[in-house]
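> Below: sequence and its predicted model.
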Amino acid sequence: MGLFSKNSKPSQQAYAVVTGAGSGIGQSFALELGKRGGTVVCADINLAAAEKTVALLAEHGAKAYAVACDVGQAEQVAALAEQAEQLMQHPVTLVINNAGVGLGGKFDELSLEDWQWVTHVNLWGVIHGCHYFVPKFKKLGHGAIINVASAAGYTAAPEMTAYNVTKSGVLALSETLFAELKKSDIKVNVLCPTLVPTNIIKNGRIPSRYSGLADHALMNFAMTTSEAVAKLTLNRLDKGKLYTIPQLDAKLFWLMKRVSPNLYTKFLGFSYSFFK
Ligand SMILES: NC(=O)c1ccc[n+]([C@@H]2O[C@H](COP(=O)([O-])OP(=O)(O)OC[C@H]3O[C@@H](n4cnc5c(N)ncnc54)[C@H](O)[C@@H]3O)[C@@H](O)[C@H]2O)c1
């Protein structure tokens with residue numbers, strides 16, 4: 001393993017594993033890594049979707065492989081970590097723990113099964129990815145991790161409790177890992193966007209009273225594309241930055257929450273009771 005040299009910019013010529021690579025932000029990460037000379041293992045619970053991303057990468061001359069994986073199942077992520085090395089004939093140098101699902105609804109509308117479903121994918125998926133790849137990176141002597149959280153990890157937006165909890169967990173995990181690995185040659189970045197137009201609403205469990213709104217209004221007014229988000233995140237990873245907060249609204253909420261958490265939560269409660 002010591003023979004495999006490190007690239008000072010981990011997004012360049014990466015040997016990468018991207019989870020949830022069959023759609024949206026994950027697909028954009030995979031395609032951007034291909035443009036940067038990388039070899040990409042596209043993992044997704046939906047193998048046909050991962051294969052489509054691989055075909056797109058192949059069109060651009062990039063080497064890529066599709067693997068079926070449910071990130072919530074520890075043994076499947078363990079197998080992915082081994083299979084990725086065998087397929088690429090090279091140690092993995094970058095893992096992007098991106099797979100995730102959307103869940104909305106008031107706290108008392110959510111079943112325990114809803115909580116288990118979203119936690120299984122959004123939180124355990126990232127825990128599994130870090131659990132199986134960090135030791136490999138330590139052994140290799142270098143590596144990089146991008147965890148896809150969300151601005152939901154700090155905005156505490158109403159009617160998104162369970163989703164918010166999973167994303168706060170991903171944020172805390174990433175911040176802690178960054179501190180623990182600071183002295184090593186393993187970079188960590190956490191992505192916290194607000195809305196990005198993808199299939200997350202269509203694929204998620206969102207009460208019907210919101211799906212129309214999300215599809216037609218919010219998603220269309222979203223301030224950035226998945227391609228732009230992927231590019232920015234990889235550039236920030238290369239610079240050794242921990243946080244990627246791509247949009248203006250995400251930055252504003254971040255600032256408000258930090259400057260005055262009391263005022264922020266009062267404002268949140270007020271605007272929720274006003275608009276609902
Ligand atoms: N789109 C947004 O507005 C937005 C905002 C903030 C954060 N995010 C986060 O971005 C990430 C990507 O979401 P997206 O918006 O691209 O959604 P998407 O639905 O377009 O893509 C998600 C992909 O993950 C895959 N997936 C779902 N469950 C899986 C599992 N158990 N194992 C492996 N793969 C699985 C799906 O098959 C799909 O290909 C998620 O973590 C999401 O929470 C999205």
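Received the coordinates, thanks. Computed from a prediction, not measured in an experiment: that's the story for all the values here.

> Okay, buried residues for stretch 66-73 please.
Ala66, Val67, Cys69, Asp70, Val71, Gly72, Gln73 (16 or more other C-beta atoms under 10 Å). In this view, the C-beta of every residue, glycine as well, is placed from N, C-alpha and C.

> Name the residues that touch it?
Residues outside stretch 66-73 that contact it (C-beta atoms under 8 Å, 6 or more residues apart in numbering): 19-20, 41-45, 47, 50-51, 53-54, 76-77, 79-80, 83-84, 87, 97, 99, 120-121, 124-126, 128-129.

> Please list only the buried members of these.
19-20, 41-45, 50-51, 53-54, 76-77, 80, 83-84, 87, 97, 99, 120-121, 124-126, 128-129.

> Stretch 115-125 near the ligand at all?
Yes: residues of stretch 115-125 contacting the ligand under C-beta under 6 Å from any ligand atom: Val121, Asn122, Gly125.

> which other residues reach that stretch?
19, 71-72, 74, 77, 97, 99-101, 103, 162-163, 165-167, 169-170, 205.

> Let's see which of the residues you listed end up in strands.
Thr19, Asn97 (DSSP state E).

> State the number of residues packed around the residue of the stretch 51-200 of the chain found nearest the ligand.
Nearest residue of the stretch 51-200 of the chain to the ligand, counting by C-beta to the nearest ligand atom: Gly100, 2.1 Å away. Gly100: 29 surrounding residues under other C-beta atoms under 10 Å.

> and it, what is it in contact with?
Gly20, Val121, Asn122, Gly125, Val148, Ser150, Thr166, Ile200.

> mind checking the SS state of Glu159?
Of the three states, Glu159 takes coil according to DSSP: H, G, I helix; E, B strand; the rest coil.

> That's all I had, so thanks and see you.
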